[in-house]
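[1] Pasting the sequence and the predicted model now:
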Amino acid sequence: MSSEIRQIRQEGPYCYTYSPFHPPVAEVKVGETVCIHTVDAFENKMTPEVKAFADVCTYPFLNPQTGPIVVEGAEPGDTLVVKILSIEPTRDHAVTGLIPYFGGLTSTKPDPNLQDALEEQWLFLPIDDAGVRFDEKRTIPYEPFMGTMGVAPKIEAVNALTPDYYGGNMDCVETAPGNEIWFPVQVEGAHFFTGDAHASQGDGEVTGVALEIPAKVTVTFELKKGYPIEWPRILSETFLMVAGSGRPLDAAARIAWVELIDWLATDYGFDRLQAYHLLGQVGQMRLGNMVDPKFTMVAKFPRRYL
């Protein structure tokens, strides 16, 4: 299928910020399906020959983005709907590792203590038809998703490590094939970015690094005209979901729950307190990341209760 649709590759340097000020790499029409080529979180620079992360990467120049892609007709107050059709790896292995002063269970620059940094370690794990080979005994299923995906904020230039109302580095396993991801359009053309593909990831991305891969992601763009939302929404066959990002972690959770209640009230006829009652009994929540400059939580409502 990918050979029959338009291929979008980054022209010039990759983008390391979500911003309305980057020159577009492509323009797409509503309803158009395209295949977007991305590199991994380290711009494919981490190889078995590299001795240390700092030799090839410099914080915060991580999560290079392909984009921006301008969506014809998108205006502030619209919602951009990105339907993910497939995510295919473009090399035969995933990279993961432990980076000094980065991760959920080590001393970090934003949250320092007197602990020494953890030892730097890197794993280069083969990908085959069975999944990602962790070791001789264990294989992790290939369950791909895009770690970063979103639209340009209205005026800021925000590093690609930070998730927020426009999307960004949410690290939500729900940004996966088969699902729709909705973003609040902030600028003319939306200016869509994506990158940081993962072959799989545990809840919270606790080490700070998932199973990082370069990938081809095939998507279709749609618009909901005059339909404003505040935070990214995700629609699957079984759930309505909202991704909220903030610090501390409970702030991210509250953002997600409130937006989900508003969605149920606006589109499905719920009274807000009725929706609150129901979510208290059937709602689910998943941790996207607990390692980025802002944390991400995904609130989930089972669609069978609609």
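    Perfect, thanks for sending it.
[2] how about the top helix by length along the chain: buried residues?
    For the chain, the longest helix by residue count, based on DSSP state H, is helix 249-268. For helix 249-268, the neighbour count (16 or more other Cβ atoms under 10 Å) marks 249, 252-253, 255-265 as buried. Every residue, glycine included, has its C-beta placed from N, CA and C.
[3] Do I have it right that Ser236 meets Glu174?
    Yes: Ser236 is in contact with Glu174 according to Cβ atoms under 8 Å; the separation is 6.8 Å.
[4] Compare those two (neighbour count), which wins?
    More crowded of Ser236 and Glu174, by other Cβ atoms under 10 Å: Glu174, with 21 against 14.
[5] and which of the buried residues of helix 249-268 is nearest to Gly103?
    Nearest to Gly103 among the buried residues of helix 249-268 is Leu249, at 15.5 Å by Cβ to Cβ.
[6] List the beta-bridge partners for the closest residue to the closest one other than its chain neighbours.
    Nearest-residue entry for Leu249: Phe295, 4.9 Å, with adjacent residues in sequence omitted and distances by Cβ to Cβ, 6 or more residues apart in numbering. For Phe295, the beta-bridge partners are Gly246 (DSSP bridges).
[7] Closest one of the buried residues of helix 249-268 to Leu118?
    Closest approach to Leu118 among the buried residues of helix 249-268 (Cβ to Cβ): Leu249, at 21.5 Å.
[8] got the contact list for the closest one?
    Shown in contact with Leu249 (Cβ atoms under 8 Å, 6 or more residues apart in numbering): Leu287, Met290, Phe295, Met297.
[9] Okay, it and Ile255: tell me how far apart.
    Counting by Cβ to Cβ, to the nearest Å, the separation of Leu249 from Ile255 is 11 Å.
[10] shared neighbours, these two?
    With Cβ under 8 Å, 6+ apart, Leu249 and Ile255 have common neighbours Met297.
[11] quick one: contacts for the closest residue in space to Glu180 that isn't next to it in sequence?
    Closest residue to Glu180 apart from its sequence neighbours, by Cβ to Cβ, 6+ apart: Leu235 at 4.3 Å. Residues in contact with Leu235 (Cβ under 8 Å, 6+ apart) are Asn179, Glu180, Trp182, Met241.
[12] go on, His198?
    Taking Cβ under 8 Å, 6+ apart, we find His198 in contact with Pro144, Phe145, Met146, Gly147, Asp171, Val173, Ala210, Leu211, Glu212, Ile213.
[13] before we move on, the earlier item: ranking by neighbours, what's the top pick from the contacts of Leu235?
    Met241 (27 neighbours).
[14] Tell me the confidence at the residue nearest to Leu249?
    What the model reports as pLDDT for Phe295 is 97.
[15] Tell me the bridge partners for Ala26.
    Assigned bridge partners for Ala26, using DSSP bridges, are Ile69.
[16] so how many other residues sit close to it?
    20.
[17] Having no further points to raise, I will conclude here.
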